[in-house]
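J.: Got a predicted structure plus its sequence, pasted below:
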Amino acid sequence: MMKPRARRATIGVAALAVVLLVVLVVACWGTVRDHVEAWHFQLTRKTMEVTPPPKGFRPVQEPSVEDVAGCRLILATDSCLPVVFDSAEDRVSAFVLRDLDKEVTEFLRVDEARRVLRVNGYRILEQRFPRRAYVVIRDVDRIRELLPPSARNRIPRDRYTCPELVE
């Protein structure tokens, strides 16, 4: 049995820890939300990972800036972080990306790869815990905006579904 003073001290420390946790969650809500979404995505989907090559090595063939798989490889290679994505995305990675405003030399940098993926309906979450990685999620709401009005109704409402965009 605890003494009353020890019980009060324990309850006080526990309350202080809860308040500190709540303050940290509120102060860093954007990061917490992104992490929860990244974990939920990885736990509810069959995911694949593009790992960066070892230091000093480059891909044998330069990645193409015209497809999603190339942008994922550029993101992994140049940032030295793994890129996690839905395995269903692997079968639609051959479509040509659009809105390359400027001519790209040699290979795309990380910021440019992120911009091209965002323009083409993807969201990139930066996961820091339990390990650093980029999580690339196809954003159905963004894709819906890019499509003509006649094709928008055929896309499922689930924001993680990989829709068939063939007419």
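T.: Thanks, I have the structure now.
J.: Remind me what the strand or helix carrying R118 packs against, helices and strands.
T.: Secondary structure from DSSP states H and E places R118 in helix 110-119. In terms of contacts (3 or more C-beta pairs under 8 Å, 6 or more residues apart in numbering; DSSP states H and E), helix 110-119 is packed against helix 68-79, strand 122-127. To be clear about C-beta, it is placed using only N, CA and C from the backbone, and glycine gets the same treatment.
J.: Lowest mean pLDDT across those, which one is that?
T.: If you rank the helices and strands packed on helix 110-119 by mean pLDDT, helix 68-79 sits at the bottom with a mean of 83.
J.: just the angle between that helix and strand 122-127, please?
T.: Relative orientation of helix 68-79 versus strand 122-127 (axes from the mean of the first three to the mean of the last three C-alpha atoms, to 10 degrees): 30 degrees.
J.: now for helix 68-79, which elements pack on it?
T.: Against helix 68-79 (3+ C-beta pairs under 8 Å, 6+ apart) you get strand 47-50, strand 83-86, helix 110-119, strand 133-138.
J.: quick one: buried residues of the longest one?
T.: When you say that, I think you mean helix 110-119. For helix 110-119, the neighbour count (16 or more other C-beta atoms under 10 Å) marks 110, 112-117 as buried.
J.: before we move on, back to that, looking at the helices and strands packed on helix 68-79, spot the one closest to V32.
T.: Closest approach to V32 among the helices and strands packed on helix 68-79 is made by strand 133-138 (14.6 Å; C-beta to C-beta).
J.: The one helix or strand I11 maps to: what's the following helix or strand?
T.: Here I11 sits within helix 4-27, counting by DSSP H and E. Later in the chain than helix 4-27, the nearest helix or strand by DSSP H and E is helix 29-44.
J.: Tell me the helices and strands packed up against that following helix.
T.: Contact partners of helix 29-44 among helices and strands, from 3+ C-beta pairs under 8 Å, 6+ apart: strand 83-86, strand 122-127, strand 133-138.
J.: Which of the ones you listed sits closest to A14?
T.: That would be, of the helices and strands packed on helix 29-44 and by C-beta to C-beta, strand 122-127, which comes in at 29.4 Å.
J.: now that closest one and helix 110-119, what's the angle there?
T.: 130 degrees.
J.: What about L125, how many residues nearby?
T.: The number of residues packed near L125 is 18, by other C-beta atoms under 10 Å.
J.: ditto for the one 5 residues further on
T.: The local packing of P130 (other C-beta under 10 Å) involves 8 other residues.
J.: I'd guess it is in a strand, am I close?
T.: No: if the criterion is DSSP: H, G, I helix; E, B strand; the rest coil, then P130 is coil and not within a strand.
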